[in-house]
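**Student:** quick one: sequence and predicted model below, then my questions.
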Amino acid sequence: MITAAFDAKQKLLALSALLAILGSAFWIYRTEFRSPGINVPLQEAVGQAMAKETSHLLGNSGNLVIVTAETSGIPELKVQVEAFEKELKRLGAITITDKVALDPGEESKYRPGAGLSAKQFLKIVRKHHRAGAIVSFVGAPHLSDAELEQLKSAPKFIAETHSPEKLVNLFEKKVLLAAVVPRYEFPAPGPRKPRTRSEWFERYFQVVAPGKDLPKQDELP
């Protein structure tokens, strides 16, 4: 009887420990990925789309540098970059040689598709001029003509940006070769109630490249 009671107690303790671990893991998952307002499939879809465009431009091989920001307060970026890395690995033999995580300091100017300055971008290009591509999840910078002249032999540049109307010069100078932007062409393809990642992406985003007509400021939704 004593042995049976002891065994039952041990099993109960083990079960309690297991439930505690599972509860902790669930809490971390919700904290990191299911914060209020975060659409995880949509953010993953953006990362996957960025990976596909990058892989296409690099011919499924080569190396690149990721530009992001400290993600502790920006969970969308964390989800996007992780989905990008996972999809990139699936698509081909492309190596990530560095990940530049910009520090917002006291200013929270960084968010998915915005924040990268001309000064920061030029510094990254100088440091990583041998990279096959630079992939920015924090926007594309506004560059003056003088700054554009410094980029004649820069790596391929791919970006997520929330200001597609400001990309004209970057596309004309072939500095930016592809961008993921909020959808401005309607009606959006796919169902009104997306279920898959690709459906989420097509509903809210699209890919643009040099030669593509971009919207003017007053034409944006």
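**Tutor:** Cool, got the structure.
**Student:** from now on I want contacts and neighbour counts done on CA atoms only, so please keep to that.
**Tutor:** Fine.
**Student:** near Glu160, how many other residues are there?
**Tutor:** 25 (other CA atoms under 10 Å).
**Student:** return the distance of it relative to Leu57.
**Tutor:** 15 Å (CA to CA, to the nearest Å).
**Student:** same question for Pro155.
**Tutor:** Relative to Leu57, and taking CA to CA, Pro155 is found at 11 Å.
**Student:** which one of those two has more residues nearby?
**Tutor:** Counted by other CA under 10 Å, Pro155 and Leu57 do not tie: Pro155 has more neighbours, with 21 against 17.
**Student:** what are the phi and psi values at that one?
**Tutor:** Phi and psi for Pro155, reported as degrees, to the nearest 10, are phi -60, psi 160.
**Student:** how about it, what does it touch?
**Tutor:** 125, 129-134 (CA atoms under 8 Å, 6 or more residues apart in numbering).
**Student:** then Lys89?
**Tutor:** With CA under 8 Å, 6+ apart, Lys89 has no contacts at all.
**Student:** so it sits in a helix?
**Tutor:** Yes - according to DSSP: H, G, I helix; E, B strand; the rest coil, Lys89 belongs to a helix.
**Student:** got a pLDDT number for it?
**Tutor:** For Lys89, the model assigns a pLDDT of 94.
**Student:** any idea how far Leu57 lies from Pro104?
**Tutor:** Distance of Leu57 to Pro104, computed by CA to CA: 30 Å.
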